[in-house]
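Visitor: fold the following and give me the result.
(chains A and B)
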Amino acid sequence: DTEVTQTPKHLVMGMTNKKSLKCEQHMGHRAMYWYKQKAKKPPELMFVYSYEKLSINESVPSRFSPECPNSSLLNLHLHALQPEDSALYLCASSQDSGNTYNEQFFGPGTRLTVL
Amino acid sequence: QKEVEQNSGPLSVPEGAIASLNCTYSDRGSQSFFWYRQYSGKSPELIMSIYSNGDKEDGRFTAQLNKASQYVSLLIRDSQPSDSATYLCAVKPITSYDKVIFGPGTSLSVIP
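Guide: As a prediction, the model looks like this:
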């Protein structure tokens, strides 16, 4: 069983809606990640949180707003998205982010459709 | 040159055969290498990590690393139809331990 959970599994939203994706990990990890994955492409890193602080923002548009309330939770707030933002959004976690040997474990993802 | 490259697919092998998946990377200082399996519509699942030159075996899977050649491979012995998936090679660049760089993936189809 995956120890990284994501809700919702599917989300359909209009371009004027505001919604949030949620991620929780139960492994005591201190680094959490958001990825975006389009069909037949590899995951594309969006954000990295290390010890609850944003350490990497891969030049993601401001309509995506991450939040890390504590070391187990990660949110991605969505506002005024475009149809091209439709994708699988993946959350991952690792023991921490500053160690080359740390493995990342993915949650099941949220399939987002923007109409 | 792309940072992480994988052999272009799709790769088809008969059931019971050995599937060989290859990956090359450009950052010579990279120390950590990962193989993920991703079934259609699902999220990536970590199947192997390798950090030292040589072979690492786990059940039917063997990862091979050659840092001098900047090459990492994954062998799947006794391939099963359930192994049909996309396999993603991921490399941690020495410039940033915060991230992994994914290759484009190789789609594997095991034919019964």
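
Visitor: who does B:Thr86 bridge with?
Guide: In this entry, B:Thr86 is beta-bridged to B:Gln38, B:Ser107, by DSSP bridges.

Visitor: check contacts around it.
Guide: Residues in contact with B:Thr86, defined by C-beta atoms under 8 Å, 6 or more residues apart in numbering or on different chains, are B:Gly9, B:Arg37, B:Gln38, B:Tyr39, B:Ser40, B:Gly105, B:Thr106, B:Ser107, B:Leu108. (Glycine included, C-beta is placed from N, CA and C.)

Visitor: residues near the first one, how many?
Guide: Taking other C-beta atoms under 10 Å in any protein chain shown as the criterion, the count of residues near B:Gly9 is 15.

Visitor: that one and B:Leu88 touch, don't they?
Guide: No - counting by C-beta atoms under 8 Å, B:Gly9 stays clear of B:Leu88, with 11.7 Å between them.

Visitor: which neighbours do the two share?
Guide: Among the neighbours of B:Gly9, those also in contact with B:Leu88 (C-beta under 8 Å, 6+ apart) are B:Gly105.

Visitor: need the strands for chain B, in chain order.
Guide: Taking DSSP state E as the criterion, chain B contains strands spanning B:4-6, B:11-14, B:19-25, B:32-38, B:45-50, B:54-58, B:61-66, B:71-76, B:85-92, B:101-102, B:106-111.

Visitor: helices or strands up against the last one?
Guide: Other elements packing on strand B:106-111 under the criterion 3 or more C-beta pairs under 8 Å, 6 or more residues apart in numbering or on different chains; DSSP states H and E are strand B:11-14, strand B:19-25, strand B:85-92.

Visitor: what is the burial count for A:Thr16?
Guide: Neighbour count for A:Thr16, taken as other C-beta under 10 Å: 8.

Visitor: quick one, what contacts it?
Guide: A:Ala80.

Visitor: so where is the chain shaky, pLDDT-wise?
Guide: You didn't say which chain, so I picked chain A. Applying pLDDT under 70 to chain A picks out residues A:1-2.

Visitor: actually chain B
Guide: For chain B, the stretches with pLDDT under 70 are B:1.

Visitor: give me the residue from it nearest chain A.
Guide: Taking C-beta to the nearest C-beta, chain A has its nearest neighbour within chain B at B:Phe102, 3.6 Å off.

Visitor: what's the burial count for that residue?
Guide: B:Phe102 has 23 neighbours, counted by other C-beta under 10 Å.

Visitor: is it true that it touches A:Pro43?
Guide: Yes - between B:Phe102 and A:Pro43 there is a contact under C-beta under 8 Å: 5.8 Å.
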